[in-house]
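*Asks:* Pasting the sequence and the predicted model now:
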Amino acid sequence: MKNLFLFLLLIFPTFSIFSQQIITGKVTDAQTDEPLIGVNVIVKGTPSTGTITDHNGDYRLEVLENSVLQFSFIGFKSEEILVSGRTVINVSLREDTELLDELVVIGYGSMRKSDLTGSVSSVSAEDMTQFIVSNPVQALQGRVPGVFISTNTGDPNANFNIRIRGVNSIRGDNSPLYIIDGIPSDVGSVNTYDIKSVEILKDASATAIYGSRGANGVILITTNKGETGKTTVNYNVEFGRQSLIRKLDMGDASEYMKLINIQQMNDKGAAYFTESQIASAGKGYDWQDAVFQNAPIQTHSLSVSGGTQNTTYHLSASALIRDGIIKNSSYRRFNVRSNIEHSINEKFDISLLMSYNHTERKRQSSGFGNRGGSLIGASLFSPPTLTPYDENGEYYNLQLAYPFMSNAIYNAINIVNETSNVTVPNLTNINTAITYKPFNGFSLRSSFGLENNDYRTDNYTRSKYLYSSNAASVSTYNGVSLINENIANYNFKLNDAHSFNIMGGFTYQQHVSKSLGASGSGFLSDVTESFNLQAAENPGIPNSSYSKWVLMSYLARLNYSYKGKYMATTSFRSDGSSRYSEGSKWSTFPSFALAWRISQENFMKKFESLSDLKFRLGYGETGSTAISPYATLNTLASGTVPLSGSLYPYFAPSLNYPGALRWETTAQWNIGLDLALFDSKLRITADYYNKITYDLLNSVNLPLSSGYSQTIMNVGEMSNKGFELLVEGDIINKKDFSWNVSANIATNKNEVVKLYDGKEFYGSNVGLVFVNGTVNLIREGEPIGVYYVFKEDGYDENGRIQHVDVDGDGNLTNEDRFILGSPHPDFTYGLNTYLRYKNFDLSLFFQGVYGNEIYNISEAQNLDYGMGLNLRRDVLYSHWDATNSDEVNQQMKYPKITQNQPLEQSDRYIEDGSYLRLKNITLSYNLPVKKLNLESLLSNLKIFVSVQNALTFTKYSGWDPEVNSYGGDITTGIDYLTYPNNKSLTFGMNIQF
């Protein structure tokens, strides 16, 4: 008996072996027939027995012959298949729209898209990488209704204005809050190829969870993380060329001479240039061609991603090298990023996210200046009869060329070659977190983040610069932010009908910044440039600063859903800021939102074409800390005063704190509708919002008897109302051909509701052209920054410009001004269409604005006669002339060409700023790797060509209608010799291994 038992033990493994078999197969996407990589294949009931598909979608697994295989993949419906003795099992998985619904990120958590109660818009990773951008914000332009984005200038180093549902504050920053992987951070530090998704929180019910930082909207950026499976390598490369969208039509050499002669005849009775000189002048020198260039651009991005069941990783490095279309301007950015996540056990997970960004920004002189004193002005107004160099090869001082030349004429090439402005920022981010999951549905996450921002700016003017001695300045800045967040989340269901998510937490953020600056002039040599300030013959007075603020917050949110039909969200956040004084340090920001999925009601079942219909209603309050860290203190300013030939330091009161300041608060209502038809092939989202910001913080002038000039008070209100519409359609969706269209449109009506004692005030001085150079006005009942100018009233009998004199006193004063334009568009819009035919993809993206005006101060230069400036060509062919009848003269675009034409803030410089732009067109080809039997070498290869800013339709006479010289919200819509935008042609390739 004993021997029989031993025999059975020996042969039992043999029986087991013979009952197992090898199963192979391929898993593909049911819609596209493309292989799916990383699909989990396990034996049902035995999760330890399993594998994942490789880069070809293939798998191999040893199982029992009567096993059931489970196939699962994120975003697809799972499949279960009985082996039944088969050795080859191929599977096609279909998308699971409900599962994809769960991928929407919101503040401090995530939700099913179908359960959203607030206004949240998403932008895909594909849209973010459609063309090369220096800042991810550029890629959002025109894609999201209610999000208005404009470039201040075409400088590759320029900032971008992004306003979500209008302007809320007069004094404070109106930019949204950027959250990158859960941490407030600088959006410019992110490479677009590292971005997985972007969510824009627009209404207060969604943003109130961010309290005093959520008034201007919140943009959540999630970067790529690793996934379990085989290591994947991605490499993206793009090369391109940028060029000026268009040249301005300036006079050539002969036309310049004719203009000068007309002016000289009108003012002095004699021409300066002879007819023979004019006849032989030809086109002359093109200063625009001398300053602008066709500039190269290239970008490289490399990532490595993968992981095991316990650890995942995503590592990336990128470089963006971009020259400006103005010579000697450029932008260089180098990024590295690592996202590592590790599961210690079933209860504990840890993560570490690190990034480093190094940037080199080389700028050129542009924008406002003394006519031709800026590089842009010099490229336009320098006489085409002159060249940058004299007969000896030295820089030509154009101011000495003719007796009528003004000191407003600068040599553009001298500016390009002999001035330097370089800023080098370095940004480091480290964020680590530990998550504890004691039981199903509950998690406690504690994270610690650090952001260190260092930069140094060096300015240098070399000794060959014609218009000043060599000079240097250096400024440095260091800012360190520390943030700790402790967030608890609990998800649970009752009776499979009631779903709850409860979130609560505490956050702490501290920011410390320091700056230092020094300067000098009169150096013996240019060799060391700004790195030897102690050698300056005339040292400047150094300056330094220190600042610190702290923000503490308590927050909570409850999400409730009844069978996905009735949904409610409520939240509150209590913020405490060191910026405010005792009694005002804390403020609470509540919100609530309701949603009703009407399509699930029985009375809607008869509408077969209806896939989804949801009504949303929300209200919330958010805030803004629109004051500096020490604005609620009686502060002293330091300085020096000369006495007996020496400088002595002093302190003097600089700001009188009037009493307790309250937080700026924005209250917002939102009504929304989500509609899907025809199996969700047509999707419509509509929102109407009404928000008002009260307790606006602003500077108030004080009487001289107080001993102070200004103080800060809560003195105003501002409102924004608007409508947003997004329509998306899958028009054709077949295996070899698909066509998708997305269109959006948005309106926003801004109004300054209340000011201190109803007193209006002006924006900043906008340059040297006007005697009193203010154009923008802030007045109750009007949008912020409207154009408040004189109204032109034709030409008088001497060819001079006349303006309406309201009170008839013969003098133009502010009482004679009118509100005659607004920088704010009536509506903004975007259209994106995507076509796929077999392996070819074509996308076209249009973006535009309508109804705004631009105040074109650059055009005022065309009235600056008698200074020797070159002018627009049409000045010569459309100006007032004594030989014409008055009827003809009144139709002329320009007045008499004579000195001292009135350069007032006139409505003649207000132009229609509306435009429609073909922002991007991209054609790509996906190499059929499988058909070419290249799977052993690579997984995917895509090549593409892209044109950015391909076409622009506009009536604006300047370089480009997308302009904002001063970059602010009070002094906005101004074009004053601004660095123009460019168009580009790029070729690229994406390779995946």
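*Replies:* Okay, I see it. These figures come from a predicted structure and were not determined experimentally.
*Asks:* The chain - how does it break down into domains?
*Replies:* 2-95, 237-247+292-374+410-864+903-992 (automatic domain parsing).
*Asks:* Can you flag the weakest of the ones you listed by average pLDDT?
*Replies:* Least confidently modelled of the domains of the chain is domain 2-95, at a mean of 75 by mean pLDDT.
*Asks:* residue ranges of the helices in this structure, please?
*Replies:* 2-18, 97-100, 125-128, 204-207, 253-268, 275-281, 287-291, 375-381, 412-418, 857-860, 873-877, 886-889 (DSSP state H).
*Asks:* out of these, which comes closest to Thr625?
*Replies:* With respect to Thr625, and counting by C-beta to C-beta, the nearest of those is helix 204-207 at 15.0 Å. For glycine as for every other residue, the C-beta is placed from the backbone atoms N, C-alpha and C.
*Asks:* In CSV, list the C-alpha atoms belonging to that closest one.
*Replies:* Provided in CSV are the C-alpha atoms of helix 204-207 (Å, rounded to 0.1, in the frame of the first residue of the first chain):
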residue,chain,number,x,y,z
ALA,A,204,-17.2,78.9,-9.2
SER,A,205,-18.9,75.6,-8.1
ALA,A,206,-15.8,73.9,-9.6
THR,A,207,-13.1,76.4,-8.6
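*Asks:* which helices and strands does it pack with?
*Replies:* Packed against helix 204-207 by the contact rule (3 or more C-beta pairs under 8 Å, 6 or more residues apart in numbering; DSSP states H and E) you find strand 586-597, strand 610-624, strand 664-677.
*Asks:* Could you dump the ones you listed into CSV with mean neighbour count and distance to Asp796 added?
*Replies:* Output for these, formatted as CSV (neighbours: other C-beta atoms under 10 Å; distance: least, C-beta to C-beta, whole Å):
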stretch, mean neighbour count, distance to Asp796
strand 586-597, 20, 58
strand 610-624, 21, 49
strand 664-677, 21, 49
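*Asks:* Select, out of these, the one closest to Ser280.
*Replies:* Of all the helices and strands packed on helix 204-207, strand 610-624 comes closest under C-beta to C-beta, at 63.9 Å.
*Asks:* now, of the domains of the chain, which is deepest in the fold?
*Replies:* domain 237-247+292-374+410-864+903-992 (a mean of 18; mean count of other C-beta atoms under 10 Å).
*Asks:* now the helices and strands packed on helix 204-207 in JSON lines, with distance to Arg361?
*Replies:* What follows is the helices and strands packed on helix 204-207, written out as JSON lines (distance: least, C-beta to C-beta, whole Å):
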{"stretch": "strand 586-597", "distance to Arg361": "36"}
{"stretch": "strand 610-624", "distance to Arg361": "29"}
{"stretch": "strand 664-677", "distance to Arg361": "32"}
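*Asks:* which ones are touching Pro590?
*Replies:* 208, 570-572, 620-621 (C-beta atoms under 8 Å, 6 or more residues apart in numbering).
*Asks:* swap in His55?
*Replies:* 35, 37, 230, 232, 935, 939, 993.
*Asks:* ditto for Thr192
*Replies:* Thr192 neighbours (C-beta under 8 Å, 6+ apart): 128-129, 133, 136, 139.
*Asks:* roughly how far apart are it and Gly763?
*Replies:* 34 Å (C-beta to C-beta, to the nearest Å).
*Asks:* Same question for Ile854.
*Replies:* 15 Å.
*Asks:* is Ser338 in a bridge, and if so with what?
*Replies:* Leu315, Met354 (DSSP bridges).
*Asks:* ok, it to Glu126 distance?
*Replies:* Ser338 is 23 Å from Glu126, by C-beta to C-beta.
*Asks:* In the stretch 51-200 of the chain, where is pLDDT below threshold?
*Replies:* Low-confidence segments of the stretch 51-200 of the chain (pLDDT under 70): 74-75, 96-103.
*Asks:* Can you show me the strands along it?
*Replies:* For the stretch 51-200 of the chain, the strands defined by DSSP state E, counting those that start in this stretch cover 58-64, 68-73, 76-82, 91-93, 104-106, 109-111, 120-124, 147-151, 160-164, 177-180, 183-184, 195-201.
*Asks:* residue nearest the centroid of the protein?
*Replies:* Val137 (2.6 Å; C-alpha atoms, centre = their mean).
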